[in-house]
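[1] dropping the sequence and predicted coords here.
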Amino acid sequence: MRTATLLAACLVPAALVLTPLLAHAGQVHVNVANFAFTPRAANINPGDHVVWVWTSGLHTVTSGDSATTTPSGVFDSGQQTGAAPNGGPAFSWKADRTGTILYYCLIHAPGMAGRVIVATSPGSVPVSDFRVTEVQFTGTAATDMIEIANLGTAPGDLGRYRIAVNGVATAIGADDYAVPAGGRVVVHTTSGTNTATDIFLPGLGDLPAAASLALYVPNTVPGTTLTDATQMIDFVQWGAGGGALEGVAVTDGFWSAGQSVNNVATGHSIEFCGASGQYGRAEWAEIAVPNFGSNGNCTTPAQTRTWGQVKTLYR
C-alpha cells in the first residue's frame, strides 16, 4: 500500500491529446480488488477499451489525481461492489485521447490508484481484439451458432461481454473466460456445459432469418445503454438492412446503413473474411461448409495483420 501511495503522489501526467477514435477496438482487462488495480498501469492504443472488473469490495474507478482526489471528468464508474465469479460489476472506457490518464478509487485514495497510458501510435501496443467471425442462423437453437475470435495480438478475457441480437443483449456469463491471441470461441444458443472453446447461452434464443447482431464490451454501471456508441465493438446483420442498433454501428464506422448479408442458403453460414481493423458488409461472405472453431473457406481468410499492413480506419 505504501509503495502505491508514493507512486501515485509522484506521478506527473503527460499531456493529453484528443484524437479521432479508431475503428479498431482492442481491449485490456484490469481487476479491481484488495485495494488495488491489477495491472496498475494499463497500456492501450487510441480507440481501445480498458475493461475494469470488480473481483471484490466496494470501489470506484475515477479519473483524476489520487493525491488530491480531484476528479478530471474523463471517466467515472461511480461506486460499484461485488465479487467474481458471482457477477462482479464491470466498467469500460474507450480511449478518445493519447497520453497518461491518472485514476483512483474515490473511497480508498490515495493508496488505491492506477493509470491508463494511451500510446500515440495506433496499434503499437499488443491488445486483444474480439470480433464476431461466423454466424449460422437456422431458426433452431440446436444448430444456431456464433463464433467470436480474438484477432488481436495479446490474450483477452471474454467474460461479461454482451451479444445483442435484434437489440436484446445477453451477457457471456460472469466468470472469466480466457481466449488466447488467435483463439476462437463458439457460442451456442442452446444449453450445455462450457468448455475452453464453447459457450452455451440459451438466453440468446433462435437466430432468425433476418437479424442484427452486435458485440459489446462489459459494462454493468447503471444507465449504460446499447445506444452508447463507445461500448459497441462489432456488428453484422443479415436478411435485411435497417435492423436494431444499425445506427450505432454506422456511427462507429462498423457498418453502412441499409446493408446486410442476403440470400444465404439453408445450412450455410456467413463468415468474416477480413482482418483486425476491418469492418462492414464487404468483409462478409456466405460459406457453404460452416467451419466454426477454425478459419477457412473464405476467399480471403480472416487473419490478424500488423497495423503496418492495415490502413487505419478513423471515424
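    Okay, I see it. Residues are numbered from 1 along each chain as shown.
[2] which residues touch Ser256?
    For Ser256, the contact set (Cβ atoms under 8 Å, 6 or more residues apart in numbering) comprises Val250, Gly280, Arg281. Every residue, glycine included, has its C-beta placed from N, CA and C.
[3] doesn't Trp255 make contact with the last one?
    Looking back up the chat, that one is Arg281. Yes: using Cβ atoms under 8 Å, Arg281 is in contact with Trp255, at 7.0 Å.
[4] out of the contacts of Ser256, which end up buried?
    Burial by neighbour count, 16 or more other Cβ atoms under 10 Å: within the contacts of Ser256 this picks out Val250, Gly280, Arg281.
[5] just the ones of the residues you listed in helices?
    Of the positions in the buried ones among the contacts of Ser256, Val250 sit in helices, assigned by DSSP state H.
[6] so which of the buried ones among the contacts of Ser256 is the closest to Asp206?
    Arg281 (23.3 Å; Cβ to Cβ).
[7] check contacts around the closest one.
    Contacts for Arg281 were tallied using Cβ under 8 Å, 6+ apart; they are Trp255, Ser256, Gln259, Ser260, Val261.
[8] could you tell me the end-to-end distance of stretch 154-170?
    End-to-end distance for stretch 154-170, by Cα to Cα, to the nearest Å: 25 Å.
[9] ignore what I typed, I meant stretch 259-278.
    The separation between the terminal residues of stretch 259-278, taken as Cα to Cα, is 16 Å.
[10] buried residues in it?
    By neighbour count on 16+ other Cβ under 10 Å, the buried set for stretch 259-278 is 259-261, 264, 268-278.
[11] break the protein down into its domains, please.
    Following automatic domain parsing, the chain resolves into domains at 2-118, 130-287.
[12] now the first one: how far from the chain's centre is it?
    What that stands for is domain 2-118. Its chain's C-alpha centre and that of domain 2-118 lie 16 Å apart, by Cα atoms, centre = their mean, to the nearest Å.
[13] can you start the count at 28 instead of 1 from here on
    In the new count, where the first residue is 28, that last one comes out as domain 29-145.
[14] quick one on the thing from earlier: in CSV: the domains of the chain, plus distance to Ser321 and mean pLDDT.
    Converted to CSV, the domains of the chain look like this (distance: least, Cβ to Cβ, whole Å; pLDDT from 0 to 100):
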stretch, distance to Ser321, mean pLDDT
domain 29-145, 23, 80
domain 157-314, 7, 94
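[15] now tabulate those in a markdown table and tack on distance to Asn322.
    Listed next are the domains of the chain as a markdown table, based on distance: least, Cβ to Cβ, whole Å:
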| stretch | distance to Asn322 |
| --- | --- |
| domain 29-145 | 19 |
| domain 157-314 | 7 |
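[16] out of those domains, nearest to Asn324?
    Nearest to Asn324 among the domains of the chain is domain 157-314; the distance by Cβ to Cβ comes to 4.8 Å.
[17] now the end-to-end length of the closest one.
    End-to-end for domain 157-314, by Cα to Cα: 21 Å.
[18] so who does the closest residue to Leu234 other than its chain neighbours touch?
    Residue nearest to Leu234 in three dimensions, not counting chain neighbours: Phe164, with 3.7 Å by Cβ to Cβ, 6 or more residues apart in numbering. By Cβ under 8 Å, 6+ apart, Phe164 lies in contact with Asp171, Leu234, Pro235, Ala236, Ala238, Trp265, Val291.
[19] and the closest residue to Ala110 other than its chain neighbours, how far is that from Phe62?
    Nearest residue to Ala110, sequence neighbours excluded (Cβ to Cβ, 6+ apart): Ser83, at 4.8 Å. Shown here: Ser83 relative to Phe62, a distance of 10 Å by Cβ to Cβ, to the nearest Å.
[20] Ile128 in helix, strand or coil?
    Following DSSP: H, G, I helix; E, B strand; the rest coil, the label given to Ile128 is strand.
[21] that's all I had, so thanks and see you.
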